[in-house]
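# got a predicted model here, sequence first, then my questions.
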Amino acid sequence: GGVDVRDESGGGEGTTTDGPLELAVVPKAVGHEFWSTVQAGAECAAELAGDVTVEWDGVNAETDVEGQVNLIQNFVTQNVDGIVYAATDSAALAPATQNALDSGVPVAMIDSGTDPQPDEVPLYATDNRAGAAEAANLLADALGEGDHDVALIEFQPGSQTNTERVEGFTEGLSQHGNLNLVAQQPSLSDVNEARRVTEDILTANPDLAGIFAANEPSVLGAAQAVEAAGRTGEVVIIGWDAAPDEIAGLRDGQIAALVVQNPFRMGYFGVQNMVEHLREGTPMESADTGVTFVTPENIDSEEVKAVLEPSCDNPPVDQ
Amino acid sequence: MSAADGIESAQGAADRPVLEARGIVKRFGHVEALRGADFAVHRGEVVALIGDNGAGKSTLIKVLSGAQPQDEGEILVNGRPERFGSPVDARRAGVETVYQDLSVADDLSVAANLYLGREIKRRGLPGLIGLLDKRAMRRGTAEALEQLGVRVPRVTTPIAMLSGGQRQSVAVARAVVWATSVVILDEPTAALGVVQTRRVLDVVDRARDAGMSVVLVSHNMPQVLEIADRVEVMRLGRRTARFRAAEVTTDDLVAAMTGALVTEPEEAALGGPLRRPVN
Amino acid sequence: MSAADGIESAQGAADRPVLEARGIVKRFGHVEALRGADFAVHRGEVVALIGDNGAGKSTLIKVLSGAQPQDEGEILVNGRPERFGSPVDARRAGVETVYQDLSVADDLSVAANLYLGREIKRRGLPGLIGLLDKRAMRRGTAEALEQLGVRVPRVTTPIAMLSGGQRQSVAVARAVVWATSVVILDEPTAALGVVQTRRVLDVVDRARDAGMSVVLVSHNMPQVLEIADRVEVMRLGRRTARFRAAEVTTDDLVAAMTGALVTEPEEAALGGPLRRPVN
Amino acid sequence: MFPVSRSLRSDPPETTVTGMESPTGPRDRLRAWLREHLSYAVSEFTAATALVVLFIALSLASPHFLTADNLFNIGSQTAVIAIIAVAQTMIIITKGIDLSVGSVAALAGVVGAIVVRDLGFSVWEATVVAIGVGAAAGLVNGLLVASARLPPFIATLGMMSAGRGLVFIITGAVGVYSLPESFQLLGNGEIAGIPFAIVITAVVALAAGFLLSQSRFGQHVYAMGSNLEAARRAGIPVRRNLTAVYVLAGALVGLGGMVAASRVSSGQPNYGIGLELDVIAAAVIGGASLFGGQGRIAGTLIGAFLIALVRNGSVLLGINIHYQQVIVGLIIWAAVYFDQYRRRRLEARG
Amino acid sequence: MFPVSRSLRSDPPETTVTGMESPTGPRDRLRAWLREHLSYAVSEFTAATALVVLFIALSLASPHFLTADNLFNIGSQTAVIAIIAVAQTMIIITKGIDLSVGSVAALAGVVGAIVVRDLGFSVWEATVVAIGVGAAAGLVNGLLVASARLPPFIATLGMMSAGRGLVFIITGAVGVYSLPESFQLLGNGEIAGIPFAIVITAVVALAAGFLLSQSRFGQHVYAMGSNLEAARRAGIPVRRNLTAVYVLAGALVGLGGMVAASRVSSGQPNYGIGLELDVIAAAVIGGASLFGGQGRIAGTLIGAFLIALVRNGSVLLGINIHYQQVIVGLIIWAAVYFDQYRRRRLEARG
Ligand SMILES: Nc1ncnc2c1ncn2[C@@H]1O[C@H](COP(=O)(O)OP(=O)(O)OP(=O)(O)O)[C@@H](O)[C@H]1O
Ligand SMILES: Nc1ncnc2c1ncn2[C@@H]1O[C@H](COP(=O)(O)OP(=O)(O)OP(=O)(O)O)[C@@H](O)[C@H]1O
Ligand SMILES: O[C@@H]1[C@@H](O)[C@H](O)OC[C@H]1O
Ligand SMILES: [Mg+2]
Ligand SMILES: [Mg+2]
């Protein structure tokens, strides 16, 4: 595309680009509902902006930090106009972001930022830690008075999002002396594995009263295990994310509440702000994309619907 | 059908060889193992194929039995050119081979090796779905080994556990059991004991009597002269001499193998010392 | 030091055998390959070890050369009991072996196999850091093969590409090149051509003349009688007979191998038909 | 019956040597027979010993272990791995390896789920489709190995990558959800109180074990793995047979993928990443050799359940997940060492 | 020099046969020599052909490909895989396999990061520590394989699990951060304008190639993989050597893990999951055989770069992520098929 240098505006290097834009949008990994929704949001923003191509590319596992470093590096080499991505690891990707900036490629972060995060790089994300702490509160509310055994199904030990949610949840639990964490197992983001560990946890802890499962596959597997054990309703599940079967589980009473982010908005904001920055030189500013606690009570509210069924007909309003 | 028609019939057209090779060339990388090799065996005939180490005997045998395709030249069965794409084709033509490397499956039992590719199935429905009659195969194996005077620990012992001679016996037993037209034996008695060697030679005799053809590769000249009707000599990938066994001495054979004696016209043309075949 | 002291000295104490096995038992699962086998070879002596297929010859050889530990019994070197924990121990005692399975590394070249475990290093610093003198090894290999009358495509050809006889030649060359005290040859000429076989027998002769001892396993009775000073016969995992080669016929040997003739007292005690050794 | 050629049939043998061992009396023969058959039994037992030891240890250590529910759970949890490990065993016996099992299982699972959701197939029809998908992938693997003569590692590595890509293309990298209750039949249903997944596993294992040990085809599988050239020279159609093994294995992987999808009543595009190592481990722990010619279904099942018990046990005992991995490593070492050691002793001493 | 025993030295040979081919004139001999050496060259070239083809194709297809920056990028990105693939090649030549490379690299990386962060080690000291950690893990693998005689698959599978567990225990499943700038030296530094990671890779590859092809130890490595029993009978101390190979490989894996950690300036507990397949693939694509005795460092490097080019190229060309995996699969098949095909032709026809 034609690159035309107009020396104005306050953003980055003070250049703006006319004509078609090519943006790289990189999730932490591909293969989950969550990231597909991010992609949908990104493509929606691109379409509305016009003449913007989104290059959607990611590694296969959220643990492949080095692979993502390489991928970002390759996009810089390819000289895309801008990069919108979610860092698999905040420290490890910091140099990659810096390198992109040094090469004149602006960066916007979604879902997870880097540490340090350069001033000119915005972050459109949810606060994982806060969300998980709130999940502990929801669990406590659902279980009520008295001592209760609870379990935690994490997904990928050692990955940053996982760590944040686990820490957030355990911090939240510490506010509730009556909740006793008796088991903690990883699902490795595999539904079958989530079901297996949950089954075994239920076997070992006949008195288990509640479970917090920290992402989509973990929730699905946990719900199935509880159902298969015939203990639906007896064991309260607080989940994360909003895959269709999670919503169905919520409606069926298998799941008590879901912590739901707004992935569509992440993708949308990332691309929309990047395009504005490139075309008009508008500086990009971070925004909390928000977290919604979905329960059987509020599931049919308009506000929740907008989060659960995002569509480009009704795009999120900027900031 | 006797040893007498050896040399002549190879030239004459009336009695076609059961199995014949013409101008076979076989290369491995830059090594030319066969450089236009010829060979023929007739019905009811025992032909010894001899030659120095590395002369190309085993390579020719593999071509004759379909185990390796030649690069050039042709194979004729009863005078008709045949394309041996695989060992199955050769077997279909009734040719059975004992390879020098034995070609046995180490992890399988003696019985399984003897029946490899020709397993006996059970009668009736079980047989239709492919079930094996292991008992019958064990019995048959014991019989076959008995005939060759071979003793193995058990017929269910894996081949890997056998002694060198026992392994070879299994390979020989397999070939002689199944052959109907030609048996090719590549150094079949190299590892065999005295008694077992005798048995194999007896089997060769009986095979000839039954009208079968036998190709025998051997480095044992007395054995060759005792059992063979004719002798073909290879040297450096070509046939360089042919003799009737009855009319030749060990010294002649050695001379032919070392190149001091040549009977084939093409070879002579290439500058080798031409001497008429003995007789 | 000649063939003459064979049988007597084996019993007498004065002249100790260079290598002796006493009461060796070796079991594989429920197969007893050796059931108390004895064996002895003296300095400057060629002893043939014969026996039917599966008699236990190769197993005994592996025990004698440290390749397989025995379950019972003892090995004596120059009269002193030795524990052969590995082939290195046997080699240290100057014992070199050609195994029946050849024990060559298929992916390695002829030269690499000949020098396996005894590679020549470069002189000076390169040698100190382990660099090979490949050129010297190639030259040495060519020489050694020449002496045995062996032709291979190239000394850099991988063993996998050689003919059966060529492979065996490499194995034989390796053993005779390195032996200093005893050479054990397990059917060393089974796949060899006439010329190469002759060469190996010559080497055996020269080894004896040089005061070395040779143990030869063979199924070729004329060869055994020609080259050996003494013959020890195994049957079903035991030594059942001993002869001086000069005083015995092929028929005697065959009789001993099939169990019709026994010279060892223990065997006789077990009910075998006792006949005095010939002489 | 025994088609001996005329040349062999002529006169009776002169000596009395037989195909059987040593010239000993009837009592010795009985002893030899007993020794032989006992030693087989012992060797079978040996392979299972680690499993039994672990089983007893867990029964003592956790009150929850030895309960029908837990045992059924373990059975169902292990079903998929066991079924796919059976497939892997067949391939390993041929001296092959299949790295694509995870991708192919995922592919079969999502396709099975999609035809139910979008085309209204019944769960049975979907199962047939899933098996077909697996078989088709197996066919490609088989042709690449048998006809194009790629090393199995490479052929199936490519399929691992391409298969996963296909899954993503088909699903758009999103799980296939909203399946009817009936979809759970294979994974969660029961027959006469026994989980259906366990029944399927048992049927598959029995059939495969029977095929391998009793049929002509099975014999040829071992022969090809033991010495491919010898098998070819013996007239076995090695190309066709090798391809058939991959197709058959692929079909089982497809079935396994369908059971997996059914257990979680959804088609998961990320299913089965790393599965290949689990199933190869089960086969190798069970005595299969990556160098071909060796392996038995019974052993593979033992291997699969050994791994499953370790995992179940460590959750039941509440072992910290980080230590779990260390313990799994140690137990794998110990189990195989123990087994190897006893085998060697058995072989060396009788 | 050539220690021929007396018995051989006695009289000169009677005939003129030599260790060389056919009794032909000097011209023939020259031709034979040329043919031999040319065919080697061609075979080397063959292995690299797929790489070259891909290289040219990418240069034409993307203006960004053939730039110093991008090539250096590819080099640095491939460094870790290449270093560890060299280690894997040595093990594969011995007929072994190392599944633990990912876990051990992660272990070395996090330990290297921790000693810098917590104990104030310099990056060089940390590198030595990381190499030591790798070597120690290799020693355990080596002892299990050589002395306890576990199948390498099992020994290293156990290490894969135990090693990862150790990483988690040491780090508490949290990345090791807050490292000084200097920590990035190995991964992101430069020497005379050339990325340090590339220099390290080149040194490692040259040293390993030299060791394997020119040294006695290397010779023994091939011999052990080709026929372990023959090597033992030839007096090679196989236990010690086999253990040494695993230790050496482990040390390289440790180095690789340190470079990886340095590249992302942190110790990542999940580093290297699935890495074993990548590096084995590099070795096998480069001509190593999982059945031992065969493999060369040059081939392995070609394999590693082939995989890297495919990945780099598909990003540069903006190929859809899902299709990328399919394409990677197809290219792996094509590259190896092409190579095998030419090798076979070469062998069959001269
Ligand atoms: N697969 C192969 N690759 C390369 N060269 C080969 C191959 N097979 C045979 N050769 C070569 O072809 C030549 C002939 O080998 P062949 O095995 O036919 O000899 P032979 O006459 O059977 O010898 P022997 O008496 O030793 O068995 C030898 O020089 C050998 O090195
Ligand atoms: N590794 C093994 N496992 C099981 N049985 C074995 C093994 N090695 C040898 N045997 C058995 O031990 C017996 C003796 O074998 P050995 O190889 O010593 O015989 P041999 O006298 O060398 O015979 P040949 O003349 O055939 O070479 C045979 O019955 C054989 O089956
Ligand atoms: O933040 C992401 C999350 O919301 C989803 O559940 O899976 C991957 C995470 O990284
Ligand atoms: Mg031959
Ligand atoms: Mg023997």
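Ah, there it is. Ligands and ions are numbered 1, 2, ... in the order given.
# who's the residue nearest to the spatial centre of chain B bridged to?
What sits nearest the mean C-alpha location of chain B, by CA atoms, centre = their mean, is B:I184, with 1.8 Å. The partner list for B:I184 in beta bridges (DSSP bridges) reads B:T97, B:V215.
# distance check, it against A:D115.
76 Å (CB to CB, to the nearest Å). (Each C-beta comes from the backbone N, C-alpha and C, glycine too.)
# correct me if wrong: A:F293 contacts A:L258.
Yes: with contacts defined as CB atoms under 8 Å, A:F293 counts as touching A:L258 at a distance of 7.4 Å.
# secondary structure element for the residue lying closest to D:G250 once chain neighbours are set aside, which one?
Spatial nearest neighbour of D:G250, chain neighbours left out: D:G138 (1.9 Å); criterion: CB to CB, 6 or more residues apart in numbering or on different chains. Using DSSP states H and E, D:G138 falls within helix D:123-146.
# ok now that helix, how far from the chain's centre?
Helix D:123-146 sits 17 Å away from the centroid of its parent chain (CA atoms, centre = their mean, to the nearest Å).
# tell me what angle the helix or strand following that helix forms with helix D:123-146.
Toward the C-terminus, helix D:123-146 is succeeded by helix D:152-171 as the next helix or strand (DSSP H and E). On the basis of axes from the mean of the first three to the mean of the last three CA atoms, to 10 degrees, helix D:152-171 is oriented at 140 degrees to helix D:123-146.
# how about stretch D:62-77 as PDB, C-alpha atoms only?
Taking Å, rounded to 0.1, in the frame of the first residue of the first chain, the C-alpha atoms of stretch D:62-77 are listed here in PDB:
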ATOM      1  CA  SER D  62      -7.000 -44.500  50.100                       C
ATOM      2  CA  PRO D  63     -10.300 -45.700  51.300                       C
ATOM      3  CA  HIS D  64     -11.900 -44.300  48.100                       C
ATOM      4  CA  PHE D  65      -9.800 -46.300  45.800                       C
ATOM      5  CA  LEU D  66     -11.300 -49.700  46.000                       C
ATOM      6  CA  THR D  67     -14.900 -48.800  45.300                       C
ATOM      7  CA  ALA D  68     -17.000 -49.800  42.300                       C
ATOM      8  CA  ASP D  69     -17.500 -46.200  41.400                       C
ATOM      9  CA  ASN D  70     -13.900 -45.400  41.400                       C
ATOM     10  CA  LEU D  71     -12.900 -48.500  39.400                       C
ATOM     11  CA  PHE D  72     -15.500 -47.800  36.800                       C
ATOM     12  CA  ASN D  73     -14.300 -44.200  36.700                       C
ATOM     13  CA  ILE D  74     -10.800 -45.400  36.100                       C
ATOM     14  CA  GLY D  75     -12.100 -47.700  33.400                       C
ATOM     15  CA  SER D  76     -14.000 -45.000  31.600                       C
ATOM     16  CA  GLN D  77     -11.200 -42.500  31.900                       C
END
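# ok, A:G249 - how many residues close by?
Using other CB atoms under 10 Å in any protein chain shown, A:G249 has 24 other residues around it.
# you'd agree it is in a strand?
No: A:G249 is assigned helix when assessed by DSSP: H, G, I helix; E, B strand; the rest coil, not a strand.
# which helices and strands does the helix holding D:G138 pack with?
If contacts are counted by 3 or more CB pairs under 8 Å, 6 or more residues apart in numbering or on different chains; DSSP states H and E, helix D:123-146 sits against helix D:101-119, helix D:152-171, helix D:185-188, helix D:238-263.
# closest one to B:P87 among those helices?
Nearest of these to B:P87, taken as CB to CB: helix D:238-263 at 10.2 Å.
# list the buried ones in the closest one?
D:238-239, D:241-263 (16 or more other CB atoms under 10 Å in any protein chain shown).
# anything in the very next helix or strand once past that helix near chain E?
Note on helix D:238-263: by DSSP H and E, the next helix or strand toward the C-terminus is helix D:275-285. Yes: applying CB under 8 Å from any CB of the partner chain, one finds that helix D:275-285 is in contact with chain E at D:L277, D:I280, D:A281, D:V284, D:I285.
# what of stretch B:163-173?
No: judged by CB under 8 Å from any CB, stretch B:163-173 stays clear of chain E, getting no closer than 15.1 Å.
# cool, stretch A:211-220 as well?
No: interface with chain E: stretch A:211-220 contributes nothing (CB under 8 Å from any CB), its closest point being 13.3 Å away.
# coming back round to it: pretty sure the residue nearest to the centre of chain B contacts B:G94?
No: using CB under 8 Å, B:I184 makes no contact with B:G94, being 11.2 Å away.
# would TSV of the helices and strands packed on helix D:123-146 with distance to A:Q98 be doable?
Below are these laid out as TSV (distance: least, CB to CB, whole Å):
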stretch	distance to A:Q98
helix D:101-119	36
helix D:152-171	31
helix D:185-188	48
helix D:238-263	43
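# nearest to D:T67, of the ones you listed?
Nearest to D:T67 among the helices and strands packed on helix D:123-146 is helix D:185-188 (18.6 Å), distances taken as CB to CB.
# tell me the strands beside the helix or strand following the closest one, with direction?
Where DSSP H and E defines the elements, the next helix or strand beyond helix D:185-188 is strand D:190-191. Partners of strand D:190-191 in the sheet, by DSSP bridges, are strand D:194-195 (antiparallel).
# ok now the partner strand, how far from the chain's centre?
Strand D:194-195 has its C-alpha centroid displaced from the chain centroid by 20 Å (CA atoms, centre = their mean).
# residues in contact with the first helix or strand past that strand going along the chain: which ones?
Once the chain leaves strand D:194-195, the next helix or strand it forms, by DSSP H and E, is helix D:196-214. Helix D:196-214 is touched from outside by B:131-132, D:72, D:75-76, D:78-80, D:82-83, D:86, D:89-90, D:93, D:185-191, D:217-218, D:221-222, D:252, D:255, D:259, D:263, D:296-298, D:301, with contacts defined as CB atoms under 8 Å, 6 or more residues apart in numbering or on different chains.
# fine by me, we can end here.
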